[in-house]
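Undergrad: Generate a structure from the sequence data that follows.
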Amino acid sequence: MSNPKYATARAVPTVMADPATLDPKAVRCLWTRPVPAGMGDATYLPSVVFVDGTECPLACAMDGLAARQFCQKIAAVHDWPVKDGRALDESREVAQTRIMASLDDNDRKVVDGVGMVNMPGTGRIAAMFAHDAGLPYGFAVEAVTRRLTALFRQMVIPGQDTDEHRQAAMDAAMDKMAELYRGEKPQPSLSELGTHGAGVVIADYCHDRNRTDDDYQRALTATLEALGDLWTERSIGEVERDRMTDEVMDTSLRRWFALTGREVAG
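TA: Purely as a prediction, here's the structure:
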């Protein structure tokens, strides 16, 4: 019986993937993933980064040299690139390193000797960040659209059509999210929900996907950031924003505790 071939981390049924079960055509690179400080000498996790931007560990954490050797040995068989990552404490920086490592070469360019990301690549990065943060599809579409619109509104490129660049980034972002959220519907959006609705949806979304407390907290934080952009667009004042933030958090946390079988005080 042949081994299954996985093309995304979402399909891997275990915590770590057996290198023999990876679909060679779906692997972007192997990555010595930095893990949070405080774990002694075992500070890197040999991981696979798939073409769709998801990643999965291949072995337990180990020191940097051992992790690099582990990845190189596997990569040599398929001629996969190996990316290094430095030890970082901030999970957002770790995510940024991984997402940048997963970008296709066509999304990169060099201008005056400086490495940059082109417009479609910018859109794909925004999509991967939204997905990585744990946002539901509808929340992600709205958040990414609003962020890219704000970005290109501030951008002036002499002699070039900014609207054309914005559309290229937006199209790439939508295509990437359709890929990442395959099988999900892009609804509801944040603008369709009130504070209570947003809090309930993010808790339900994380629970339905068996997310951990840490995953849920990251998704809730990303939801609040996306709501903050929406409230700024609607010119909602600071006092009202604070009240609405409290409502989202209170509703969502109560819902999460109830779904995970914990008592809710008050």
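Undergrad: What residues sit buried inside stretch 134-154?
TA: Using 16 or more other Cβ atoms under 10 Å as the test for burial, stretch 134-154 gives 134-144, 146-148, 152. (Each C-beta comes from the backbone N, C-alpha and C, glycine too.)
Undergrad: chain center to it: distance?
TA: 13 Å (Cα atoms, centre = their mean, to the nearest Å).
Undergrad: Filter the buried residues of stretch 134-154 down to the ones in helices?
TA: Tyr137, Gly138, Phe139, Ala140, Val141, Glu142, Ala143, Val144, Arg146, Arg147, Leu148, Phe152 (DSSP state H).
Undergrad: Can you spell out the domain ranges of the protein, please?
TA: If you go by automatic domain parsing, the domain ranges for the chain are 9-102, 130-259.
Undergrad: in this protein, which spans are helices?
TA: Assigned by DSSP H, the chain shows helices spanning 64-78, 91-102, 119-132, 137-153, 162-180, 195-208, 213-233, 238-259.
Undergrad: Which stretch among the ones you listed is buried most, on average?
TA: Stretch with highest mean neighbour count among the helices of the chain: helix 119-132 (a mean of 23; mean count of other Cβ atoms under 10 Å).
Undergrad: That one packs against which elements?
TA: Helix 119-132 makes packing contacts with helix 91-102, helix 137-153, helix 162-180 when contacts are defined by 3 or more Cβ pairs under 8 Å, 6 or more residues apart in numbering; DSSP states H and E.
Undergrad: of all the ones you listed, which lies closest to Ala76?
TA: helix 91-102 (18.3 Å; Cβ to Cβ).
Undergrad: Mean confidence (pLDDT) on the closest one, please.
TA: Averaging pLDDT along helix 91-102 gives 67.
Undergrad: and what of stretch 69-80?
TA: Stretch 69-80 shows a mean pLDDT of 86 in the predicted model.
Undergrad: Show me the contact partners of that stretch.
TA: Under the contact criterion Cβ atoms under 8 Å, 6 or more residues apart in numbering, stretch 69-80 has outside partners 19, 24, 27, 29-32, 46, 58-59, 62, 81-82.
Undergrad: Just the C-alphas of it, formatted as CSV.
TA: Taking C-alpha atoms only, stretch 69-80 is exported to CSV below (Å, rounded to 0.1, in the frame of the first residue of the first chain):
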residue,chain,number,x,y,z
GLN,A,69,21.3,19.2,8.2
PHE,A,70,17.9,17.4,8.6
CYS,A,71,16.3,19.6,6.0
GLN,A,72,19.2,19.5,3.6
LYS,A,73,19.3,15.7,3.7
ILE,A,74,15.6,15.5,2.7
ALA,A,75,15.8,18.5,0.2
ALA,A,76,18.7,16.9,-1.7
VAL,A,77,16.5,14.1,-2.9
HIS,A,78,14.0,16.4,-4.6
ASP,A,79,16.1,19.5,-5.1
TRP,A,80,14.0,21.5,-2.8
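Undergrad: could we number from 51 for the rest of this?
TA: With 51 as the first residue, the last one maps to stretch 119-130.
Undergrad: Run the chain-centre distance for that stretch.
TA: Between the centre of stretch 119-130 and the centre of its chain there are 25 Å (Cα atoms, centre = their mean).
Undergrad: that older thread, now that we have the contacts of stretch 119-130, which one has the most neighbours?
TA: Highest neighbour count within those: Leu80, with 28 neighbours (other Cβ atoms under 10 Å).
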